[in-house]
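Trainee: got a predicted model here, sequence first, then my questions.
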There are 2 protein chains.
Amino acid sequence: MSTVPAFKRLPRAVREQQMLDAAVKVFSRRGFHAASMDEIAEDAGISKPMVYAYLGTKEELFVACLHREGTRMMQAIAGAAAPDLPADERLWRGLRAFFGFVGAHRDGWAVLYRQARGEQPFAGELATMRARLVDVVAGMLDHALRAEGREIAALDLEVVAYALVGATESLADWLADHPDADPEKTATRMMNVAWLGAAQLLHGVTWRPPVD
Amino acid sequence: MSTVPAFKRLPRAVREQQMLDAAVKVFSRRGFHAASMDEIAEDAGISKPMVYAYLGTKEELFVACLHREGTRMMQAIAGAAAPDLPADERLWRGLRAFFGFVGAHRDGWAVLYRQARGEQPFAGELATMRARLVDVVAGMLDHALRAEGREIAALDLEVVAYALVGATESLADWLADHPDADPEKTATRMMNVAWLGAAQLLHGVTWRPPVD
DNA sequence: GCGTAACCCTACGCACGAGTAGGTATGCTC
DNA sequence: GAGCATACCTACTCGTGCGTAGGGTTACGC
């Protein structure tokens, strides 16, 4: 009794991508814990054991999402890189690529940053990625500084870079919550905050607390 | 058979505070979902039904934590307010109070911002608080701008304020993860990023994307 | 000293969701 | 067209953790 199967059989690689798509969607909507494997499987149009067979446990699945979205993001940014441009130009291109990515993959961003932040097992994964970003930014600042024959303590540099990355993430959240906002314009605004401030710092201007 | 009770009976108000202390601690360590009412009860040195009797369901308990910690934070910042000082001085005092609070209540901060961000039911609570902060910062910038006879579109102002708040939150996370770091010094660093950048903006200097 | 209200407990019901056992169908290779 | 790997399913087990039922004990007012 050859009943025609409701939906076609597909090669593993394809199904895996569908599952990851569904997982990113559900994780971003519900958060890691509240998301259920059943819902992810249903959303992918497949049964639960298939998900386990291909992508493993819930944690492994989540890590796979983190990996795919993270790699995509890093590639988007790296694609805009041009090592020998002046610092502001590099920063601008990086920001534009970054906000462009977030604008195009809003739930990828949500799962990557919003969800992974709190949950213990994945905080590390995320921290690594952020650390890489912070290093890049700090490296850029350091490079620009040396070009001016100036120097700042490494710790200060790191903290400033951390603040800039934080501001950028924050605007990314804002962007993700405002579907009609323009990524390009958001990048420009970030540039205003980051670069005008950084430029001052690079020229040796620093703010000191008043002695009260 | 009057067995001396292992621990004293205490009035409701006291127990409620103990429970909230325990809840904040556990929520910040585990995250909302992974935290169990049993662990919170045990940590508070009380049995689970008492928690339900006094603070209600898990969600209600979490909201209660959010409320207490949020109020404390707002009070800490409000206590440093002095409406008629120049903008940079106000910003400095606000930042100092804020980082001082985070330094002193690290897990209060964690539960407030790190956990509430992802989970749907509480995102609203947090968004409200952040919106208040953003308004304050934006209002300050706007005030300073008008004093110079200048003006910026409200949306731009809001986004800049959003970025500054994001950078500040990010440094707060950094502070929470570095127990030996000095809140005061962190505030100074934030001031360097925020104020030097904001000062430029206030003087009408803006960055524009290159025409490529 | 006695009632009553506030404080506090042990021990459960029950739902939900992770992960699996065990089997069926389909297409590909030789 | 037989054999075999791959794609796929239904239908469970079992742990975990929320929320509660149904009590016991201490203090306090009168």
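Mentor: Nice, thanks for sending it over.
Trainee: quick one: low-confidence parts of chain A?
Mentor: A:1-7, A:118-121, A:198-212 (pLDDT under 70).
Trainee: now do the helices in it.
Mentor: A:12-30, A:37-43, A:48-55, A:58-78, A:87-104, A:106-109, A:116-118, A:120-147, A:154-177, A:183-202 (DSSP state H).
Trainee: what would those look like in TSV with distance to chain B and mean neighbour count?
Mentor: Just so you know, the C-beta spots here come from the backbone N, C-alpha and C atoms, and that holds for glycine as well. Compiled in TSV, the helices of chain A are given as follows (distance: least, Cβ to the nearest Cβ, whole Å; neighbours: other Cβ atoms under 10 Å in any protein chain shown):
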stretch	distance to chain B	mean neighbour count
helix A:12-30	7	18
helix A:37-43	14	17
helix A:48-55	20	16
helix A:58-78	12	17
helix A:87-104	7	20
helix A:106-109	12	20
helix A:116-118	5	25
helix A:120-147	7	16
helix A:154-177	2	22
helix A:183-202	3	22
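Trainee: possible to save these as JSON lines with distance to B:Arg146?
Mentor: Shown next, in JSON lines, are these (distance: least, Cβ to Cβ, whole Å):
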{"stretch": "helix A:12-30", "distance to B:Arg146": "40"}
{"stretch": "helix A:37-43", "distance to B:Arg146": "51"}
{"stretch": "helix A:48-55", "distance to B:Arg146": "56"}
{"stretch": "helix A:58-78", "distance to B:Arg146": "38"}
{"stretch": "helix A:87-104", "distance to B:Arg146": "29"}
{"stretch": "helix A:106-109", "distance to B:Arg146": "35"}
{"stretch": "helix A:116-118", "distance to B:Arg146": "37"}
{"stretch": "helix A:120-147", "distance to B:Arg146": "33"}
{"stretch": "helix A:154-177", "distance to B:Arg146": "24"}
{"stretch": "helix A:183-202", "distance to B:Arg146": "19"}
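Trainee: figure out which of these is closest to B:Leu55.
Mentor: When the helices of chain A are compared by Cβ to Cβ, helix A:116-118 sits nearest B:Leu55, at 21.3 Å.
Trainee: tell me the residues of chain A that contact DNA strand D?
Mentor: Neighbours of DNA strand D within chain A, by Cβ under 7 Å from any atom of the strand: A:7-12, A:15, A:46-50, A:53.
Trainee: returning to what we had before: the helices of chain A: which one's closest to B:Thr71?
Mentor: helix A:116-118 (21.7 Å).
Trainee: filtering the residues of chain A next to DNA strand D by proximity to DNA strand C, which remain?
Mentor: A:Lys8, A:Arg9, A:Lys48, A:Pro49.
Trainee: now do the contacts for the third one.
Mentor: This means A:Lys48. When contacts are counted by Cβ atoms under 8 Å, 6 or more residues apart in numbering or on different chains, A:Lys48 touches A:Met37, A:Asp38, A:Ala41.
Trainee: closest one to A:Leu145 out of the residues you listed, please.
Mentor: Once Cβ to Cβ is applied, the member of the contacts of A:Lys48 that ends up nearest A:Leu145 is A:Met37, at 49.6 Å.
Trainee: what's the burial count for the closest residue to A:Ala34 other than its chain neighbours?
Mentor: The spatial neighbour of A:Ala34 that comes closest, neighbours along the chain excluded (Cβ to Cβ, 6 or more residues apart in numbering or on different chains), is B:His33 at 6.7 Å. With neighbours defined by other Cβ atoms under 10 Å in any protein chain shown, the count for B:His33 comes to 17.
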